[in-house]
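Trainee: Got a predicted structure here, sequence first:
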Amino acid sequence: MKAGKIVVLIVLLAGIGAFFAFDLKQYFSIEYFQQQRATLEAYRDAHPLQMAGAFFAVYVLVTGLSLPGAAILTLVAGALFGLVWGVVIVSFASTLGATTAFLASRYLLRDWVQAKFGEKLKTINDGVEREGAFYLFALRLVPAFPFFLINLVMGLTKMPVRTYFWVSQLGMFAGTIVYVYAGTQLGQFKISAGLIAAFVALGLFPLAAKKVLDALKARKVYAKWTRPASYDRNMVVIGAGSAGLVSAYIAAAVKAKVTIVERHKMGGDCLNTGCVPSKALIKTAKLLSQIKHSQDYGVKSATAEFDFAEAMERVKRVVAAIEPHDSVERYTGLGVECLKGTAKITSPWSVEIALADGGKQTLTTKNIVIATGARPFIPPIPGLAESNPLHSDNVWEIRKQPKRLVVLGGGPIGCELAQAFARLGSKVTQVEMLPRVMTKEDPEFSEMVAKRFRADGIDLLVDHKAKEVRVENGEKIVVVEHQGAEKRIVCDEILCAVGRAANTQGFGLEELGIPVTKQKTVEVNEYLQAHYPNIYACGDVAGPYQFTHTASHMAWYCAVNGLFGRFKKFRVDYSVIPWATFTDPEVARVGLNETEAKEKSIPYDVFTYGIDDLDRAIADSEDRGMVKVLTAKGTDKIIGCTIAGANAGEIIIEFVTAMKYKVGLNKILGTIHIYPTYAESNKYAAGIWKRSTVTRGQMEVASAFNDWTRGAGGLGTVLSKLVAMSGNKERYYAAAPAHGDD
């Protein structure tokens, strides 16, 4: 550290140390002021400028050193100097002190913090550079965040000193008036209507300030637009997938006038090209796999006459059977106007719709919900797009089974479809550029899936990068690279499953200046509001999760905040988000896994239970997989769980509920689970946690006690073991418990 910084640090520490060492805090209290009021007022009357100057200096010193007492000094300023001069003194002294603390933090810490955490702080730095003045103003205006902490934290950013000074001066001014006025009333040392009004104002000020701040921000955002005098709709929803349908459903349920616009099919990706068709195909594939392994079930031999086209027709029938749940007829009956066409947002309150029948319609609306979903991403691999690859949208249209299939991608979609096609009889090669498939899960779960894939005949090529696609003699060839060497894979079809891109183009975002994130999703705040507060986004188009159930979850916030946000807005809650990949074995997760806990340096304990020990799994010949639970260090509080095995997506729900409602492993252990079920694995995992809490000292006491009750030992032995127990904290059960032990 440079000499200058050392000097500044010593001065700061000396000042703070002296404050506490000499108990100077006693002088910053209403009681002390009451005792000294007459003396202070006499000195003020005799030497007004000296008194004001000394008070100003003390105020700057207290705020500059981030010491407690600024609130009391503000009240005292009102009592001693009155409203006008009290506001003038405190306003400038508080800003000068805050800027001093800001500069000290910047001088001592900013270079080190930015050098060490610069990459992680890039988003914050960009935000401060873009709208730092506004957010500082918000923090100053609504004093829920301690002002001294604002000074120190803002010093670590790149905000200009001049900006920090004037924004702080302006932002703290209204609050200063309220506090100083309260001080003028305190100066009377009696209860008065003015005093009561001052304290009521102190309580209401943050709420009123927040409303004013929101209004100012909205005014700035909407400055170039003319608001309609009235609206045709309360809400227009763009996109009729899971997010859009739930938003429209909730709006209609509370009798709002709502229109939903869909350019393709009601139900969106989930019904037509995602969750529903994939699970239907997986069911057929699993049945064929079970027939192939019929001897595992005591059936000496079994065969099936399989027709790929018929299997795909079954998928189509399943979609058709579920379709009425998301149909125009159903939602029209619920009170939603359903329009087929392409929507374009032409202002924050108007949507132009090019109808499928060739007509046009423009609707004015109080709120807009963007729920346009996502589409398969086709990476810029030379020759890939020209080869007309299959993807999760168009694969359901084929009726001829590819004999040789290359699947690009080792995420959930790629894994589910690779295993399904392999079990249907295709020769599948799966290419993943990372070292393992399903990289969002812990390595042991990835390995379980990979092992099963290879048993199903999949040629799994991890750490292989697709470089080029060629078409030679009517055959498609995928060129991959591994450790510097190239390999050619000849195939009939290529299935691209490397991710999905949000649908953010073509419906007016660009024209309205609604920004997107680095992930190319619509940028929203914690209330799911986009750049314009009356425009919301949810589901895949907003992220951060691309799950149907998350889209529905987000849709509630969009609908409720849009319709009733003037009274109460709700922050979207992502604290407990579960998901599952429907491979065999299924892999389901909620909360943190061990990899993430280590990356975030979160202290944890981990407990695992092998499903190969579970009675029901053994009976079903599904005895493979694992329950892995993470708890906060030294407690039974669940912070994450991953389950691999049959029905993992169903079993995980108990842990989802437990995390949502703060139920620990001890209560899961104390809950009766039906025997024999897969859900018993949750209880056994909780039992492993319970056994881990037993120490060797406790077991020695228990052993001595039981010896004594049989007459095989003395009470003295029990007492001596009891005394020694506190010193023996070694865990008794170092290994996993026997089956069924609680």
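Mentor: Now that the structure is in, tell me what you want to look at. Residues are numbered from 1 along each chain as shown.

Trainee: Check which helix or strand the residue nearest the centre of the chain maps to.
Mentor: Nearest to the geometric centre of the chain sits residue 574, at 4.0 Å (CA atoms, centre = their mean). For residue 574, there is no enclosing helix or strand under DSSP states H and E.

Trainee: you'd agree it is up against residue 543?
Mentor: No - using CB atoms under 8 Å, residue 574 is not in contact with residue 543; the gap is 10.4 Å. Yep, even glycine has a C-beta here, placed from its N, CA and C like the rest.

Trainee: Pretty sure residue 508 sits against residue 342.
Mentor: No - here residue 508 does not reach residue 342: they are 10.7 Å apart, not a contact under CB under 8 Å.

Trainee: Quickly note the distance from residue 212 to residue 698.
Mentor: Per CB to CB, to the nearest Å, residue 212 is found 60 Å from residue 698.

Trainee: Equivalent analysis for residue 557, please.
Mentor: From residue 557 to residue 698 the distance is 48 Å (CB to CB).

Trainee: So which of the two has more stuff around it?
Mentor: Neighbour count, other CB atoms under 10 Å: between residue 557 and residue 698, residue 557 has more, with 24 against 16.

Trainee: Identify the residue spatially nearest to that one, adjacent ones excluded.
Mentor: Counting by CB to CB, 6 or more residues apart in numbering, residue 557 lies nearest to residue 572, which is 4.8 Å off, once chain neighbours are set aside.

Trainee: how deep is the one you found tucked in, by neighbour count?
Mentor: 19.

Trainee: Just to be sure, it is in a helix?
Mentor: No - according to DSSP: H, G, I helix; E, B strand; the rest coil, residue 572 belongs to no helix; its state is coil.

Trainee: More neighbours: residue 508 and residue 342, which one.
Mentor: residue 508 (20 against 17).

Trainee: Next up, the contacts around that one.
Mentor: 344, 345, 346 (CB atoms under 8 Å, 6 or more residues apart in numbering).

Trainee: Would you report the backbone torsion angles of the last one?
Mentor: The phi/psi pair for residue 346 (degrees, to the nearest 10) reads phi -100, psi -10.

Trainee: I'd guessed it sits against residue 352; true?
Mentor: Yes - contact status for residue 346 versus residue 352: in contact at 5.0 Å, counting by CB under 8 Å.

Trainee: intersection of neighbour lists for these two?
Mentor: With CB under 8 Å, 6+ apart as the test, residue 346 and residue 352 both reach residue 362.

Trainee: How many neighbouring residues does residue 518 have?
Mentor: By the measure other CB under 10 Å, the count of residues near residue 518 is 7.

Trainee: Let me see the contact set for it.
Mentor: Counted by CB under 8 Å, 6+ apart, residue 518 has zero contacts.

Trainee: does it count as helix, strand or coil?
Mentor: coil.

Trainee: For the stretch 301-450 of the chain, which segments count as strands?
Mentor: Listed in chain order, the strands of the stretch 301-450 of the chain (DSSP state E, counting those that start in this stretch) span 336-347, 350-355, 360-370, 374-376, 404-408, 427-432.

Trainee: Between those, which one is closest to residue 579.
Mentor: Distance to residue 579, taken as CB to CB, is lowest for strand 374-376 among the strands of the stretch 301-450 of the chain, at 15.5 Å.

Trainee: For residue 367, which non-adjacent residue is spatially closest?
Mentor: That would be residue 562: by CB to CB, 6+ apart, it lies 3.7 Å from residue 367.

Trainee: Next: residue 312.
Mentor: With CB to CB, 6+ apart as the criterion, residue 312 has its nearest non-adjacent residue at 5.7 Å, and that residue is residue 399.

Trainee: quick one: stretch 690-707 to chain centroid distance?
Mentor: 42 Å (CA atoms, centre = their mean, to the nearest Å).

Trainee: how far does the helix or strand that residue 708 is a member of sit from the chain's center?
Mentor: Here residue 708 sits within helix 696-709, counting by DSSP H and E. Relative to the chain's own centre, helix 696-709 is displaced by 48 Å; criterion: CA atoms, centre = their mean.

Trainee: number of nearby residues for the nearest residue to residue 610 once chain neighbours are set aside?
Mentor: With sequence-adjacent residues excluded and distances taken as CB to CB, 6+ apart, residue 610 is closest to residue 626, at 5.5 Å. By other CB under 10 Å, 22 other residues sit near residue 626.

Trainee: Enumerate every residue touching residue 626.
Mentor: Here residue 626 is in contact with 444, 445, 448, 608, 609, 610, 611, 643, 644, 645 (criterion: CB under 8 Å, 6+ apart).

Trainee: PyMOL command for the buried members of these?
Mentor: Command for PyMOL that selects the buried part of these, burial taken from 16 or more other CB atoms under 10 Å:
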select buried, resi 445+448+609+610+611+643+644+645
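
Trainee: would you turn the contacts of residue 626 into CSV with distance to residue 67 and pLDDT?
Mentor: As requested, the contacts of residue 626 are exported to CSV (distance: CB to CB, whole Å; pLDDT from 0 to 100):
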residue, distance to residue 67, pLDDT
444, 52, 97
445, 52, 98
448, 57, 97
608, 50, 96
609, 53, 97
610, 57, 96
611, 58, 96
643, 52, 98
644, 55, 98
645, 58, 97
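
Trainee: can you tell me which of the contacts of residue 626 are in strands?
Mentor: Using DSSP state E, the members of those that fall in strands are 608, 609, 610, 643, 644, 645.
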